[in-house]
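# Attaching a predicted model along with its sequence, questions to come.
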Amino acid sequence: MKWPSRHGVTRIAQQQGHLKEKGLIVVAISTSSLLSQSIRKWRNEQDIRFTVGEIKGDIEQRKTAWGIRSLPWLILTDGHHIVRAEGVHLDELDGMLAQIIEVQK
């Protein structure tokens, strides 16, 4: 199932305490053309406490350069910042996190 980006970020935000307990850090990058002020207001309303960066310049060019094929585009790294999975759908998130955590043990 494909999830709209804001819905996906909200679902991850609902798990941010659980993810932090597992030693996981969440970082999001906004690809929205909305004004920063609108994004900040939405983040506050949704209680999103993890870092959200913003793409400056040509958003489409940056997404192409990074290999982003759909949004949200989740990239999971291990404790050594090695990418272990990318393009993960939210429905797969729990299983992929469990695998990454298991490998780190």
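Nice, thanks for sending it over. Residues are numbered from 1 along each chain as shown.

# Which parts of this structure are helices?
In the chain, the segments counted as helices under DSSP state H are 5-14, 16-21, 36-46, 59-66, 90-104.

# Among those, which comes closest to residue 74?
Of all these, helix 90-104 sits nearest to residue 74, with 6.9 Å by C-beta to C-beta. Glycine gets a C-beta too; all of them are placed from N, C-alpha and C.

# CA atoms only: put the closest one into CSV for me.
Below are the C-alpha coordinates for helix 90-104, written out as CSV (Å, rounded to 0.1, in the frame of the first residue of the first chain):
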residue,chain,number,x,y,z
LEU,A,90,5.5,1.8,6.2
ASP,A,91,3.8,-1.6,6.3
GLU,A,92,7.3,-3.1,6.1
LEU,A,93,8.9,-0.8,8.7
ASP,A,94,8.5,-2.9,11.8
GLY,A,95,9.9,-6.0,10.1
MET,A,96,12.9,-4.2,8.6
LEU,A,97,13.7,-2.5,11.8
ALA,A,98,13.7,-5.8,13.6
GLN,A,99,16.1,-7.3,11.1
ILE,A,100,18.5,-4.3,11.4
ILE,A,101,18.4,-4.5,15.2
GLU,A,102,19.0,-8.2,15.1
VAL,A,103,22.1,-7.8,12.8
GLN,A,104,23.5,-5.2,15.2
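
# Contacts for that helix, please.
With contacts defined as C-beta atoms under 8 Å, 6 or more residues apart in numbering, helix 90-104 is touched by 1, 3, 8, 11-12, 19, 22, 24, 72, 74, 76, 78-79, 84-85, 88.

# in this structure, which strand has the most residues?
Using DSSP state E, we find that the single longest strand of the chain is strand 83-88.

# Okay then, goodbye and thanks.
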